[in-house]
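Colleague: Predicted structure and sequence below. I'll ask about it afterward.
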2 protein chains.
Amino acid sequence: MEYIDKLRNSGLRPTKQRLQICEVLFNTEKTFHFTINELKKRIKEKTHNKISLATVYNTVHAFEKKGYLKQIPINSNQTYFDTNITDHHHFYDLNDQKLIDLENSDVGPINIKKKIDGKRIKSVEVLVKLED
Amino acid sequence: MEYIDKLRNSGLRPTKQRLQICEVLFNTEKTFHFTINELKKRIKEKTHNKISLATVYNTVHAFEKKGYLKQIPINSNQTYFDTNITDHHHFYDLNDQKLIDLENSDVGPINIKKKIDGKRIKSVEVLVKLED
DNA sequence: CACTTATTTAGAACCATTATAAACTACAGT
DNA sequence: ACTGTAGTTTATAATGGTTCTAAATAAGTG
């Protein structure tokens, strides 16, 4: 029920597919990172229900636009998303190709001194690359 | 001549194509950002010589592996590279889809408190997203 | 219930990137 | 200079993530 309101309040119709995707994405103890293909697999495992690839793409993009998901800026052949939408940063393990969350307390305050007229800062993201 | 040595010292044969790409990439007053396609176009303009797409890819990857180029971690349909290999950060203008360099002095020191056993920090990159 | 509009879907299209395999080139050894 | 070998270039095909399309379906409204 809670997701129905969440979707309605965003101007998104609460369809069966979107509700199922909400369950997989947001009804979890911890936040997590995922690619579209990983999400599609999780949906099939958790709901025993196949949602078409196009719908998964549509929904993830809709959720991102509404601010329920964040894209993680990283160069990879696949796009990574994060269900943790709070301001936080990432380790990226180059050897294992794995993303690890950094708590906010793990990174000291970041001071951006430069300003650009007419533009405001939307986000500040730090990517720390690790290697063995 | 200088590029011949640079390449030889890296274990890369100084071929005609690689030397031409060196000219375009490194014989400039300022560093710059580019995609593979932009680079290919620059090569054709500057050298009046066509280098095959595969070679541009090969060379850029070889140079990146040797540390002469950096990939910029940003989500875009194309991969961005940077001829500025010093530690520095970026603005990304979401409206204009343009990358802007941040000088090191534009960003205060970044303190990563978390450590992961057996891994060392290779780089710390900050991406500041801007909007109107 | 009827109507409009949003959503889902399978499949096609797109396009950056990578793989392939044949021709070519740098270079070390003779 | 010749030869052989390993590295490089090249056109083209293949790959694969993402987006587009158009028809079928479902949600919301009166």
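Modeller: Here it is on my side, so go on.
Colleague: which residues touch the residue in chain A that DNA strand D sits nearest to?
Modeller: Closest residue of chain A to DNA strand D, Cβ to the nearest atom of the strand: A:Thr79 (3.2 Å). For every residue, glycine as well, the C-beta is placed using N, CA and C. A:Thr79 makes contacts with A:Thr35, A:Ile36, A:Gln71, B:Asn75, as judged by Cβ atoms under 8 Å, 6 or more residues apart in numbering or on different chains.
Colleague: same thing with A:Asn111?
Modeller: B:Val107, B:Gly108.
Colleague: Quick check on it: phi, psi?
Modeller: Reported as degrees, to the nearest 10, the phi and psi values for A:Asn111 are phi -110, psi 110.
Colleague: Likewise for A:Phe63?
Modeller: For A:Phe63, the backbone dihedrals (degrees, to the nearest 10) come out as phi -70, psi -40.
Colleague: what about the closest residue in space to it that isn't next to it in sequence, neighbour count?
Modeller: Using Cβ to Cβ, 6 or more residues apart in numbering or on different chains and skipping the chain neighbours, the partner closest in space to A:Phe63 is A:Leu69 (4.6 Å). For A:Leu69, the count of nearby residues is 21 (other Cβ atoms under 10 Å in any protein chain shown).
Colleague: quick one: contacts for A:Leu69?
Modeller: Residues in contact with A:Leu69 (Cβ under 8 Å, 6+ apart) are A:Leu25, A:Val60, A:Phe63, A:Phe81, A:Asp82, A:Thr83, A:Ile85.
Colleague: in the sheet, who's paired with A:Lys70?
Modeller: Beta-bridge partners of A:Lys70, counted by DSSP bridges, are A:Asp82.
Colleague: Can you report how many residues lie near it?
Modeller: 21.
Colleague: helix or strand for the residue in chain A sticking out farthest from the centre, which one?
Modeller: Note on chain A: the largest C-alpha distance from the chain mean falls to A:Asp117, namely 29.6 Å (Cα atoms, centre = their mean). For A:Asp117, there is no host helix or strand (DSSP states H and E).
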